[in-house]
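Chemist: Have a look at this fold, sequence not included:
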């Protein structure tokens, strides 16, 4: 049963899990059993204070990034970290410890969080920070909502010269070019990301383009602030439009549309959240739906692991229109934060039963062998055994969880699958 | 505009107060409890309101209305917009089973809302008028099986507001009746939304347009205007058969 209320604190009193806008690809915001009460924070979205001197903002956990941007971009402030959609709440950004294209300079969202107001499993409501409860604080950043209900978030916003971006786009020929371009441009640009054609095999495997960006200076940008809006909406479709053929055609067109290197002033929505312009884009996958898969591969020892990963992915056939690679900076302070130094690869995976499970298993073998890990916020197919083997920090997290929630009252479908909680 | 809002902490009232805040208006919030009001006041300040004051005022305690509006008047230096989006909701089953709650709901949604509007009217008319914007409901358009009691209170309120608008518009007091159909708010939480359910933000945008233009009746979302046109004209024997 789901409970959404403006009074989120009351709604969490007997809840086993809290969730925000429900846009995570995986099962992190789904209940472990149908009998569990899930508190929904989307109506608890008040801004409780903002100090224009220091940029410190305090708000209820259900405030969406979209609303935050609507209020603050025009005033010269931005979230220090922006994930790939604006339809995410502050609470969700903390619980997933999200990262963005600027990870190599800004770190994860959790690095900018100063304090949290939380309801812990025994019902108490506490102010949790690095000073008051460092262990609980670190376990909550990236803790997928399993350490307590996040009620309020206090974070430090980033001062920006304008609400527009200056970007440069450059094509890359293959996987080696892709990795090299990414590593090289990260040294000079605060934001980088690349898109690659996941259907291309052979010598052109990994071809695509890289986008580098920074906030535009006031002189470069249009004087008016950018408008944030949805443009088109996809109706519910009887069958999916995403298959090997359509993706292959789409990817080729997309690749060739970026034929020359170019510099441009970009709308923040086009740069950070390209899919937000198309409401209900997930319906393109049809009634069977899709999942995402994202992993990070440490490559300081061996860049060939990326090539092996790509070979498996393209051989097994994974028609993914949205495939993004970027480089990660340092590991966050969250006990289960996803990023670590290396290359992060994100794929859309249309759900096709056993075949998809086998693909994810094979990819996870590579990740495990390379010393990488998968991103829990997007995952729905990783097996508990794989996850536990990938995550040397897990015992520490479980110890903190045992201390604050010995009976494991807080749980989700994800904690059942990956951490072995009872249904 | 200088606006007094009763019920701005939740649902459609919250959405409308944010649009007013973004336009830089001065706001004064009435409602309960104090903690909720102070948090909403901070939110509206951060979103750009010129100034935001608040005071506890319970729709179930009509004795407090005059004093609350007096305080709002002083704080704002005279208001020219009053919005009442507060109200109670209960299912027909619950109201039939619980006479005490039924009394409360009838009082809050009709008699007390009227008392509040009368106080507001008395303050605004002598200084040239202003706008009174009150939430009624499409449930008041016909006697319908699923909402007999709630609908009856809203029907009374709708007729009162209609009369008010007829009598005082020429003296400068514009009355706007908002008639929402199904809107996804915490009031309708747990009910199954019909095909064209609305969102609070969309309704707030519609109401803001009506405030600027002085539109006397707002069906929200607009499709409910058509739906209710049909319902209002259905013969009695058809109404008797359908469960709508």
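Modeler: Great, that's in hand. The structure presented is a predicted model; accordingly, all values stated were derived computationally and were not measured.
Chemist: okay, CA-based contacts and neighbour counts for the rest of this
Modeler: Will do.
Chemist: residues near the nearest residue to residue B:137 once chain neighbours are set aside, how many?
Modeler: Nearest residue to residue B:137, sequence neighbours excluded (C-alpha to C-alpha, 6 or more residues apart in numbering or on different chains): residue B:179, at 4.2 Å. The number of residues packed near residue B:179 is 25, by other C-alpha atoms under 10 Å in any protein chain shown.
Chemist: So what's the residue count around the residue in chain B that chain A sits nearest to?
Modeler: Residue of chain B nearest chain A, by C-alpha to the nearest C-alpha: residue B:43 (4.4 Å). Using other C-alpha under 10 Å, residue B:43 is surrounded by 25 other residues.
Chemist: for the helix or strand encompassing it, packing partners?
Modeler: Taking DSSP states H and E as the criterion, residue B:43 maps to helix B:34-46. Here helix B:34-46 is seen to pack against strand A:47-51, helix B:11-22, strand B:26-31, strand B:51-56 when contacts are counted using 3 or more C-alpha pairs under 8 Å, 6 or more residues apart in numbering or on different chains; DSSP states H and E.
Chemist: max-length helix in chain A?
Modeler: For chain A, the helix with the greatest residue count under DSSP state H is helix A:354-370.
Chemist: I'd like the distance from the helix or strand just after that one to the chain centre, please.
Modeler: Beyond helix A:354-370 on the C-terminal side, the first helix or strand identified by DSSP H and E is strand A:373-374. Computed by C-alpha atoms, centre = their mean, to the nearest Å, the chain-centroid distance of strand A:373-374 equals 13 Å.
Chemist: Who are the packing partners of the next helix or strand along the chain from strand A:373-374?
Modeler: Later in the chain than strand A:373-374, the nearest helix or strand by DSSP H and E is helix A:384-390. Helix A:384-390 is packed against helix A:354-370, strand A:373-374, helix A:413-419, with contacts defined by 3+ C-alpha pairs under 8 Å, 6+ apart.
Chemist: what about residue 212, helix or strand, and which?
Modeler: You didn't pick a chain, so chain A it is. strand A:208-215.
Chemist: I was thinking of chain B, sorry if that wasn't clear
Modeler: For residue B:212, the host element (DSSP H and E) is helix B:200-213.
Chemist: State the mean pLDDT of that helix.
Modeler: Helix B:200-213 carries an average pLDDT of 97.
Chemist: And stretch B:115-131, by the same measure?
Modeler: The model assigns stretch B:115-131 a mean pLDDT of 97.
Chemist: in it, what's buried?
Modeler: Residues of stretch B:115-131 classed as buried by neighbour count (16 or more other C-alpha atoms under 10 Å in any protein chain shown): B:115-117, B:119-121, B:123-124, B:129-131.
Chemist: Please enumerate residues in contact with that stretch?
Modeler: For stretch B:115-131, contacts defined as C-alpha atoms under 8 Å, 6 or more residues apart in numbering or on different chains pick out B:62, B:65-66, B:69, B:79-82, B:132, B:171-176, B:211, B:214.
Chemist: ChimeraX command for the buried members of the residues you listed?
Modeler: Buried residues within the contacts of stretch B:115-131, by 16+ other C-alpha under 10 Å, are selected in ChimeraX with:
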select /B:62,65,66,69,79,80,81,82,132,172,173,174,175,176,211,214
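Chemist: thinking again about what came up before, for the strand holding residue A:212, which strands pair with it and how are they oriented?
Modeler: strand A:165-172 (antiparallel), strand A:191-196 (antiparallel) (DSSP bridges).
Chemist: right, and those - which one's nearest residue A:19?
Modeler: strand A:191-196 (28.3 Å; C-alpha to C-alpha).
Chemist: So which bits of the helix holding residue B:212 are buried?
Modeler: B:200-201, B:203-207, B:210-211.
Chemist: What helices and strands are in contact with that helix?
Modeler: Other helices and strands packing on helix B:200-213, by 3+ C-alpha pairs under 8 Å, 6+ apart, are helix B:11-22, strand B:173-180, strand B:217-220.
Chemist: and among those, the most buried is which?
Modeler: strand B:173-180 (a mean of 25; mean count of other C-alpha atoms under 10 Å in any protein chain shown).
Chemist: what comes up buried for the one helix or strand residue A:397 maps to?
Modeler: Assigning secondary structure by DSSP H and E places residue A:397 in helix A:394-404. Residues A:397-398, A:400-401, A:404 are the ones in helix A:394-404 that count as buried (16+ other C-alpha under 10 Å).
Chemist: rewinding a little: just the buried residues of the helix holding residue B:43, please?
Modeler: B:36-46.
Chemist: what about that helix, average pLDDT?
Modeler: 97.
Chemist: How about residues contacting that helix?
Modeler: By C-alpha under 8 Å, 6+ apart, helix B:34-46 touches A:46-50, B:8-9, B:17-18, B:21, B:29-31, B:51-56.
Chemist: What residues does chain B have near chain A?
Modeler: B:10, B:39-40, B:42-44, B:46-47, B:186, B:189 (C-alpha under 8 Å from any C-alpha of the partner chain).
Chemist: Recalculate using a threshold of 10 Å.
Modeler: B:9-11, B:14, B:22, B:36, B:38-48, B:185-187, B:189-190 (C-alpha under 10 Å from any C-alpha of the partner chain).
Chemist: Pull up the gap between the residue most central in space within chain B and residue B:86, please.
Modeler: What sits nearest the mean C-alpha location of chain B, by C-alpha atoms, centre = their mean, is residue B:135, with 2.3 Å. Using C-alpha to C-alpha, to the nearest Å, we find residue B:135 at a distance of 8 Å from residue B:86.
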